[in-house]
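Chemist: need a 3D model of the sequence below.
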Amino acid sequence: MIHTLTAPASWEQVDLLSDLHLGPDTPATLERLARHLAETPAQAVLLLGDIFEVWVGDDARGEPFEAGVVRLLREASQRVALFFMPGNRDFLVGPALLADAGMAALPDPTVLDAFGQRWLLAHGDAQCLDDTAYHAFRRQVRSPAWQAQVLAQPLTARQALGRQMREGSRAAQAAQLMATDLDAQACRALLCEAGATTMIHGHTHRPAEHDLGGGLRRVVLSDWDLDATPPRGDVIRLSAAGLQRLPL
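Modeler: From the prediction side, this is the model:
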C-alpha cells in the first residue's frame with residue numbers, strides 16, 4: 001500500500017523540490033535554498049531526494065559542512081513543515097539526521113492528499129526500468145545487510161568513498177541520466193494504484209511534463225545548480241489553484 005500524507009486544513013501551499021546535490025562545492029545552491037526556505041509562503045516543503053550529493057551516514061552530521069546544512073534545515077523547520085524523501089545519493093539518511101534537522105520521513109513513493117487532489121510523489125529512480133545495471137546496484141545498497149556493513153566502517157573510510165563518488169562519477173552520472181527515463185507503463189500503473197492522475201518526481205534532471213494518456217501525466221522537477229553557468233533550478237508549488245512551476 002502506498003503511503004499517504006494528508007495535508008492539514010491549515011496548508012494553503014506546498015513546495016516540492018529535489019536534486020540539489022548539496023556539497024562543499026555548491027555554496028550558491030546552498031545560499032539559494034536558505035533564501036527559499038526563509039521566503040516561501042508555503043506551509044510545507046517536501047524534499048524529494050538527492051538533497052545531498054552524497055550522504056555517508058548520520059554520524060557525519062557533525063562535520064562542518066553537514067552541520068551547517070542541518071542548522072539551516074532546523075531553523076527553517078520552525079516556520080515550515082519539512083519532509084524528506086530519500087534519493088539515490090542520500091538513501092543513508094537516517095532518523096538521527098531527520099530529528100536534528102526537524103524533518104519528517106517521506107517514503108518513496110507517497111501520495112499527497114491536498115487541495116482536493118491526490119498527487120503521487122516519488123524520487124523517480126525506481127521507475128527507470130531500462131537501467132538494469134542501476135537497479136541491480138539499487139537492490140544491493142537498499143538492503144539492510146549492505147547498509148549495516150557500510151555503516152559499520154569508520155566515518156573517515158565512508159567520507160573517502162563519498163569523495164570518490166563526487167570526483168569520479170559525475171560524467172558517468174550525466175551520461176546515465178541522459179540515456180534513461182522513467183518507464184511510462186510503470187508510472188501509469190503506480191498512478192492507478194495510488195488513485196492519482198499526476199505523478200511528480202525528480203532524478204532525471206530534465207524538467208518537463210509528459211502526457212501518459214488516459215488523463216494521466218508525469219511532471220518532472222529540475223535539479224538545482226546555482227553554481228553553474230547559467231544557473232538552473234525550479235520549485236513546483238501546489239495549491240487549490242493547481243500546480244505551478246516556479247523558476248529560481
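Chemist: show me where this protein has helices.
Modeler: Taking DSSP state H to define them, one finds helices in the chain at 27-39, 64-76, 95-101, 132-141, 144-151, 155-168, 170-179, 184-194.
Chemist: between these, which gets the lowest average pLDDT?
Modeler: With a mean of 54, helix 170-179 has the lowest mean pLDDT of these.
Chemist: contact partners for the residue positioned nearest the centre of the chain?
Modeler: In the chain, the residue lying closest to the centroid (Cα atoms, centre = their mean) is Gly49, at 1.7 Å. Contact analysis of Gly49 by Cβ atoms under 8 Å, 6 or more residues apart in numbering lists 18-19, 85-90, 108, 123-125, 202-203. (Each C-beta comes from the backbone N, C-alpha and C, glycine too.)
Chemist: let's see it at 6 Å
Modeler: Going by Cβ atoms under 6 Å, 6 or more residues apart in numbering, Gly49 touches Ser18, Met85, Pro86, Gly87, His123.
Chemist: same deal with Val45?
Modeler: Asp15, Val80, Leu82.
Chemist: next one: it from Leu129, what distance?
Modeler: Using Cβ to Cβ, to the nearest Å, we find Val45 at a distance of 29 Å from Leu129.
Chemist: can you check Ser77 too?
Modeler: Per Cβ to Cβ, Ser77 is found 35 Å from Leu129.
Chemist: what's the answer for Asp58, then?
Modeler: The gap separating Asp58 from Leu129 is 31 Å, by Cβ to Cβ.
Chemist: ok, the contacts of Val45 vs Arg217, which is closest?
Modeler: Asp15 (19.4 Å; Cβ to Cβ).
Chemist: so what's the residue count around that closest one?
Modeler: Neighbourhood size, Asp15 [other Cβ atoms under 10 Å]: 20.
Chemist: what pLDDT does the residue located most distally from the centre of the chain get?
Modeler: Computed with Cα atoms, centre = their mean, the residue of the chain farthest from its C-alpha average is Gly214, at 27.2 Å. Looking at Gly214, its pLDDT is 96.
Chemist: what sits closest to it if chain neighbours are left out?
Modeler: Using Cβ to Cβ, 6 or more residues apart in numbering and skipping the chain neighbours, the partner closest in space to Gly214 is Arg188 (7.4 Å).
Chemist: quick one: that neighbour and His210 touch, right?
Modeler: No. Look at Arg188 against His210 with Cβ atoms under 6 Å: they stay out of range, at 10.8 Å.
Chemist: can you check the pLDDT for Gln244?
Modeler: Value for Gln244, per-residue pLDDT: 98.
Chemist: so the closest residue to it other than its chain neighbours versus Val45, what's the distance?
Modeler: Once flanking residues are discounted, Gln244 sits nearest to Arg237: 4.8 Å by Cβ to Cβ, 6+ apart. Distance of Arg237 to Val45, given as Cβ to Cβ: 10 Å.
Chemist: joint contacts of the two?
Modeler: What both Arg237 and Val45 touch, as defined by Cβ under 6 Å, 6+ apart, is the set Asp15.
Chemist: ok, back up a step: does the residue nearest to Gln244 touch Asp15 like I think?
Modeler: Yes. Between Arg237 and Asp15 there is a contact under Cβ under 6 Å: 5.5 Å.
Chemist: got a list of what Arg232 touches?
Modeler: Ser222, Asp225.
Chemist: could you redo the last one with a cut-off of 10 Å?
Modeler: When contacts are counted by Cβ atoms under 10 Å, 6 or more residues apart in numbering, Arg232 touches Thr29, His205, Pro207, Ser222, Asp223, Trp224, Asp225, Leu226, Pro247, Leu248.
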